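Asks: build me a model from this:
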Amino acid sequence: MERINVFDARIEYGRPFLKPAPERTLAEEMRLADADEAVFVSRELFWLPPQRSIGIVNERTATTPGAWGVYLMLPAVAGETPPVETLAEGFAEHRIAGFTLGNDRYGVPYHPLMLKDELAACERLHIPLFYHRAGQLSFEFLCEIMEKHPALTVALSIDEEWPNARKLYPLMKAYEGIHLCLSEHVWMGAIEDLTAKFGASRLLYSSSHPRRYAGGTVLMVQNAAIPQEDKDLIFRGNLKRLIGGIGHD
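Replies: Below you'll find the predicted structure:
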């Protein structure tokens, strides 16, 4: 099979808390994930002070062609981070794809009121929220966010092996801004069913490298019984569109 040109919606990179620094560069990890472009989540976001982690993300995008970073979303009123509008001014320069959340690591309650201004700014500026459901993160919190900010764009990934369509499908039906990352959804017929119900424009190729093997998702999309133009959207077109819409009306 010929090599597929992909834009990966989620890879993980960086130094975990109290662990050694990575042996490989981000560029080397992207090559292992076989991704020409990738949105990476820096592990330092979840344990270093935000002022330092922002600089780390910016340094990595500056030295790694094709890499797009995300910043951690925290209440700006606390003074640890600038307002979303201020950070967004540098998104294009630093190749920032949006924000992610780390409420449990920073003691921020899981309630949209705690991030009201930040979420409203993301909704207004069309900034994607990369929401990874793991640990204490819940779909209830996501539902509360979407009820308050229905035009918000969310790239949703979860840490679950089983399809769990009974939980995901109602969410996608209720909130058109939810786009599903596919690295945890390798099951027979998934792509065809998701495309039929919600459209290929709502699906994002992702690998969750290095926790998961990228080849499984590539094969799942490439072998799906859907048109090639839909596969092209999933592999890179949809994520390009989401990032390209930041700041636009």
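Asks: contacts, neighbours, all on C-alpha from now
Replies: Noted.
Asks: which parts of this protein are strands?
Replies: 7-13, 37-42, 67-73, 96-101, 129-133, 154-158, 178-181, 203-204 (DSSP state E).
Asks: relative to Leu233, which of those is closest?
Replies: Closest to Leu233 of the strands of the chain is strand 203-204 (Cα to Cα; 8.1 Å).
Asks: direction included, what does that closest one pair up with?
Replies: strand 178-181 (parallel) (DSSP bridges).
Asks: identify the bridge partners of Gly69.
Replies: Assigned bridge partners for Gly69, using DSSP bridges, are Phe40, Ile96.
Asks: ok and the helix or strand of the chain with the lowest mean pLDDT relative to strand 7-13, angle-wise?
Replies: Least confident helix or strand, the chain: helix 214-222 with a mean of 84, by mean pLDDT, DSSP states H and E. With axes from the mean of the first three to the mean of the last three Cα atoms, to 10 degrees as the basis, helix 214-222 and strand 7-13 are set at 160 degrees to each other.
Asks: picking up where we left off before, redo the strands of the chain as CSV? Include distance to Ala27.
Replies: Conversion of the strands of the chain to CSV gives the following (distance: least, Cα to Cα, whole Å):
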stretch, distance to Ala27
strand 7-13, 10
strand 37-42, 10
strand 67-73, 8
strand 96-101, 16
strand 129-133, 21
strand 154-158, 23
strand 178-181, 21
strand 203-204, 21
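Asks: which of those sits closest to Leu194?
Replies: Among those, strand 203-204 sits nearest to Leu194 (Cα to Cα), with 8.0 Å.
Asks: give me the mean pLDDT for the closest one.
Replies: On average, the pLDDT along strand 203-204 is 96.
Asks: could I get the pLDDT score of the closest residue to Ala214 other than its chain neighbours?
Replies: The shortest distance from Ala214 to any non-neighbouring residue, by Cα to Cα, 6 or more residues apart in numbering, is to Ser207 (4.6 Å). What the model reports as pLDDT for Ser207 is 92.
Asks: great, nothing more from me.
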